[in-house]
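Asker: Attaching a predicted model along with its sequence, questions to come.
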Amino acid sequence: MAPAPPAPPASARALPPPGPLVIRGGHVLTMDPQTGDLPAGDVHIANGQIVAAGPGLAVPAGTPELDATGMIVAPGLVDTHWHMWNTLLRSMSADPSGPGYFKVMIGAGRAYGPDDIYASTRLSCAEAVSSGITTVHDWCHNVRGPGYAEAGVRALAGAGLRARFSYGVAAGHPSDQTMDLGGLERLHRDWDACSEGGRLSLGMAWRGPGGSNPAVRVPASVYRPEIEAARALGLPVTVHASGPLTAQGQIATLAGAGLLGPDLQVVHANCATGDEVAALAAAGTQVSISPHSELLIGYGLPRTAEFLAAGIGVGLSVDSTVLTGNADMFSIMKVTLGIVNALAHDEFAMTHRQVLALATVEGARSLGMGEVTGSITPGKRADIICVATGGPNLGVLTDPAHLLVTAAQPANVDTVIVDGRVLKRGGALTATDLPQVRENARRALAGVRARTA
Ligand SMILES: [Zn+2]
């Protein structure tokens, strides 16, 4: 008799089945304008899809039930820009006498191997699931060679999240050298084997003319062939345009070169001029705002209200926990709303539902995933969270949108469902072996530190 094969690592174990399930009796914030709120509603899921949302739903006999009485049921939260590869370096850029975010990130990033990308991305995914983030845009700007992008994609696949993986340069890649377009083309060619039935999609994380790292100035002879290659493959593209010292005129440069478009996401855009805002709107280009990192690194205040007034699609994002510490979309919503109201000197310049929309339905739309996720709408994939209200920071169920934006914390997230799979239930991760993920991350960081020194 042949010996039993070794057990797969727990972090790579099979994901739970995609339903069926009926969520009963929660206050359902569908974020679907046709349906609105269902104060005591049910959501029926089957085959990874939302079948129906309404009160007292009849479902096939034997459908498992999840009692959401007293909970807020909402679409899963959508992140639109997150460097998941560098979560190992969480809070390492804080020392004022140190080199700061970019040098810490690039210095350590040079020491990464593919296993470090995997370990960091798995830790990021564990935090995302735990925090109620069901869709992530993994902005991977540390693809250092064969196996790096694959490691990131493998981590996303194993964690069960809905994700776009955007393939970028290596951290510290010379500005005068084109990124590894061959590697991107190979990953695109083989993508069917990676896509998990469409749960994962591919994009390009582009430097553009340079605009997040002060040390990066990329000539047109390098950046133009890169975006043209992505567009030839039909891939969406994302690019930073950050603080006033580093990115002034970058959006104008892209507009003048005819490179803006609805397939492009610009990250931050804090320094955009009025003309640049108009150019983004005219081109249908999306913007991702990451208020915590923009505040903490000194890019200035997010321009959320101006972008929305111009009709630009806006999503919210984590960016990098090297800077921001955590991936708490509840606090991202709250600070986004607070800055809009503060700048307007108006308590009601932005409503809680408007900012909740940015973290759900509008964020999904800004990633081109609006038909797939972002609201509790029959036919969309089943990406849903249930937030318990029993904790001391909640305790009452008043205005559910206000509670999610101002009071809720990741610890209140009771249940997380992605693509119909229950990834968190009763406050516990069901498909992630957190001790193993944590141990892998600690081991990876020790190695990265040893090789960086
Ligand atoms: Zn970023």
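Answerer: Noted; the coordinates are in hand.

Asker: Ala94 should be in a helix, yeah?
Answerer: No. Secondary structure of Ala94 (DSSP: H, G, I helix; E, B strand; the rest coil): coil, not part of a helix.

Asker: Any idea how many residues pack against it?
Answerer: Using other CB atoms under 10 Å, Ala94 has 13 neighbouring residues. Where C-beta positions appear, they are placed from N, C-alpha and C, glycine not excepted.

Asker: In contact with it, which residues?
Answerer: Not one residue lies near Ala94 by CB atoms under 8 Å, 6 or more residues apart in numbering.

Asker: Low-confidence bits of the chain, can you list those?
Answerer: Along the chain, the parts satisfying pLDDT under 70 run over 1-13, 211-216, 243-248.

Asker: same thing but 80
Answerer: Low-confidence segments of the chain (pLDDT under 80): 1-13, 211-216, 243-248, 453.

Asker: how about the helices of the stretch 101-250 of the chain, start to end?
Answerer: Along the stretch 101-250 of the chain, the stretches classed as helices by DSSP state H, counting those that start in this stretch are 101-109, 114-131, 148-159, 181-189, 220-232, 244-247, 250-256.

Asker: right, so of these, which gets closest to Ile376?
Answerer: helix 114-131 (18.4 Å; CB to CB).

Asker: For the closest one, buried residues please.
Answerer: 114, 116-131 (16 or more other CB atoms under 10 Å).

Asker: go on, stretch 313-326?
Answerer: For stretch 313-326, the neighbour count (16+ other CB under 10 Å) marks 313-324, 326 as buried.

Asker: Stretch 179-194: which residues count as buried?
Answerer: Quick answer for stretch 179-194 (16+ other CB under 10 Å): Met179, Asp180, Leu181, Gly183, Leu184, Glu185, Leu187, His188, Trp191, Cys194.

Asker: what's the closest of those to Arg24?
Answerer: Nearest to Arg24 out of those is Cys194 (CB to CB; 35.7 Å).

Asker: give the contact list for that closest one.
Answerer: Glu150, Val153, Ala157, Leu187, Leu200, Leu202.

Asker: can I get the residues you listed in TSV with distance to Ala61?
Answerer: Shown next, in TSV, are the contacts of Cys194 (distance: CB to CB, whole Å):
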residue	distance to Ala61
Glu150	43
Val153	39
Ala157	33
Leu187	44
Leu200	34
Leu202	41
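
Asker: Looking at those residues, state which has the most neighbours.
Answerer: So for the contacts of Cys194 (other CB under 10 Å), the most neighbours sit at Val153, 25 neighbours.

Asker: Hmm, it is touching Phe165, no?
Answerer: Yes. Counting by CB atoms under 8 Å, Val153 does reach Phe165; the two are 5.2 Å apart.

Asker: Between the two, which contacts overlap?
Answerer: With contacts taken as CB under 8 Å, 6+ apart, Val153 and Phe165 have Leu200 as neighbours in common.

Asker: what's the most distant pair in the buried residues of stretch 313-326?
Answerer: For those, the farthest-apart pair by CB to CB is Gly313 and Val322; their separation is 26.8 Å.

Asker: As a check, name the ranges of all strands in the stretch 201-350 of the chain.
Answerer: Taking DSSP state E, counting those that start in this stretch as the criterion, the stretch 201-350 of the chain carries its strands at 237-241, 264-268, 286-289, 314-316.

Asker: Would you mind saying which of those lies nearest Met369?
Answerer: Closest of these to Met369 is strand 314-316, at 10.0 Å (criterion: CB to CB).

Asker: Including distance to Ala257, could the strands of the stretch 201-350 of the chain go into TSV?
Answerer: Converted to TSV, the strands of the stretch 201-350 of the chain look like this (distance: least, CB to CB, whole Å):
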stretch	distance to Ala257
strand 237-241	12
strand 264-268	12
strand 286-289	18
strand 314-316	23
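
Asker: So which of those is nearest Arg438?
Answerer: For these, the distance to Arg438 is smallest for strand 314-316, at 26.4 Å, taking CB to CB.

Asker: Which strands or helices does that closest one pack on?
Answerer: Judged by 3 or more CB pairs under 8 Å, 6 or more residues apart in numbering; DSSP states H and E, strand 314-316 is in contact with strand 286-289, helix 304-309, helix 329-344, helix 352-358, helix 361-366.

Asker: about what we covered before: including distance to Ile339, could the buried residues of stretch 179-194 go into CSV?
Answerer: Listed next are these as CSV, based on distance: CB to CB, whole Å:
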residue, distance to Ile339
Met179, 34
Asp180, 38
Leu181, 38
Gly183, 38
Leu184, 35
Glu185, 40
Leu187, 37
His188, 38
Trp191, 38
Cys194, 37
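
Asker: related to what we said a few turns ago, for His173, find the nearest of the strands of the stretch 201-350 of the chain.
Answerer: So among the strands of the stretch 201-350 of the chain, strand 237-241 is nearest, using CB to CB, at 14.0 Å.

Asker: Can you tell me the strand partners of the closest one and which way each runs?
Answerer: Using DSSP bridges, strand 237-241 pairs in its sheet with strand 200-206 (parallel), strand 264-268 (parallel).

Asker: and Pro219, which of those strands is closest to it?
Answerer: Nearest of the strands paired with strand 237-241 to Pro219, taken as CB to CB: strand 200-206 at 14.0 Å.
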